[in-house]
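In: Build the 3D model from these lines:
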Amino acid sequence: MKFIRIPLVIFILIYVCSCSTRSKENELWQIAKAEKWQSKYGWLRGSNFIPSTAINQLEMWQEDTFDPVTIDRELGWAESIGFNAMRIYLHHLAWQQDTEGFIDRMDQYLDIAEKHKISTIFVIFDDCWNPTYHAGKQPEPRPGIHNSGWIQDPGPTIHTDTSLYEILEEYVKNVLNHFTKDDSIVGFI
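Out: Residues are numbered from 1 along each chain as shown. Next up, the predicted model:
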């Protein structure tokens, strides 16, 4: 027990000392930066968003099923109840099958969201629900099952297909480089 206490006490002392040596100037810069961000975006009020015509993020972003009319209508409803932010899920396969079109559809989405004074948080990877996915027509909803068609990205394939590493790296860099200066995007997660 004595051996555990000594390292713990040393760790706590090092932590406390390092905290007390931080400069006030750096601390104030962090506060100023946070206040600037807060004044720009305000208090974020929103939800996860996917149009009612899509069962998952692939169906939202693929060319054949991208639905700006529904997105516009539903973001209008969100605006009318005071939402000012939406978290939007992406999928690398939609980008991989049509890189330019995917980026164009993201731009279209952002234009619609901006029209409704809604900022965006993009989610690049997601590990929830169904582990397998495919391009093209997506499954029909299964009544009574929450998120019955939602898919993971990249899912367990990442453990068996090492070529996916390069694809995912290129995908992330392409998306981030294209949208890095877009002020309507609150962040990427």
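In: Not counting sequence-adjacent ones, nearest residue to the residue nearest the centre of the chain?
Out: Nearest residue to the geometric centre of the chain (C-alpha atoms, centre = their mean): residue 123, 1.6 Å. Nearest non-adjacent residue to residue 123, counting by C-beta to C-beta, 6 or more residues apart in numbering: residue 89, 4.6 Å away. Backbone N, C-alpha and C define where each C-beta goes, glycine included.
In: distance of the one you found from residue 121?
Out: 10 Å (C-beta to C-beta, to the nearest Å).
In: Name the residue in the two with the higher neighbour count.
Out: residue 89 (22 against 18; other C-beta atoms under 10 Å).
In: Tell me the spacing between the more buried one and residue 37.
Out: For residue 89, the distance to residue 37 equals 23 Å [C-beta to C-beta].
In: separation between the closest residue to residue 105 other than its chain neighbours and residue 59?
Out: In space, and not counting its chain neighbours, residue 105 is closest to residue 66: 5.0 Å by C-beta to C-beta, 6+ apart. From residue 66 across to residue 59, the span is 9 Å (C-beta to C-beta).
In: from what I can see residue 154 touches residue 171, true?
Out: No - applying C-beta atoms under 8 Å as the test, residue 154 and residue 171 come out as separate, 9.5 Å apart.
In: out of those two, which sits in the more crowded spot?
Out: Remark: of residue 154 and residue 171, residue 171 carries more neighbours, 24 against 21, as counted by other C-beta under 10 Å.
In: Am I right that residue 173 is in a strand?
Out: No - assessed with DSSP: H, G, I helix; E, B strand; the rest coil, residue 173 is helix; it does not lie in a strand.
In: Count the residues that sit near it.
Out: Residue 173: 10 surrounding residues under other C-beta under 10 Å.
In: begin at 39 from here
Out: Will do, 39 is the new start, and the previous item becomes residue 211.
In: if we can go back for a sec, what do residue 192 and residue 209 both touch?
Out: Common contacts of residue 192 and residue 209 (C-beta atoms under 8 Å, 6 or more residues apart in numbering): residue 130.
In: Can you pull the poorly scored residue ranges out of the chain?
Out: Confidence mapping of the chain against pLDDT under 70 gives the ranges 39-67.
In: now the strands: where do they sit in it?
Out: 84-87, 123-127, 157-161, 223-226 (DSSP state E).
In: So what touches the third one?
Out: Outside of strand 157-161, the residues that reach it under the criterion C-beta under 8 Å, 6+ apart are 79, 82, 122-128, 144, 147-148, 151, 213, 217, 222-227.
In: go on, the first one?
Out: By C-beta under 8 Å, 6+ apart, the surrounding residues in contact with strand 84-87 are 112, 113, 116, 121, 122, 123, 124, 125, 126, 127, 156.
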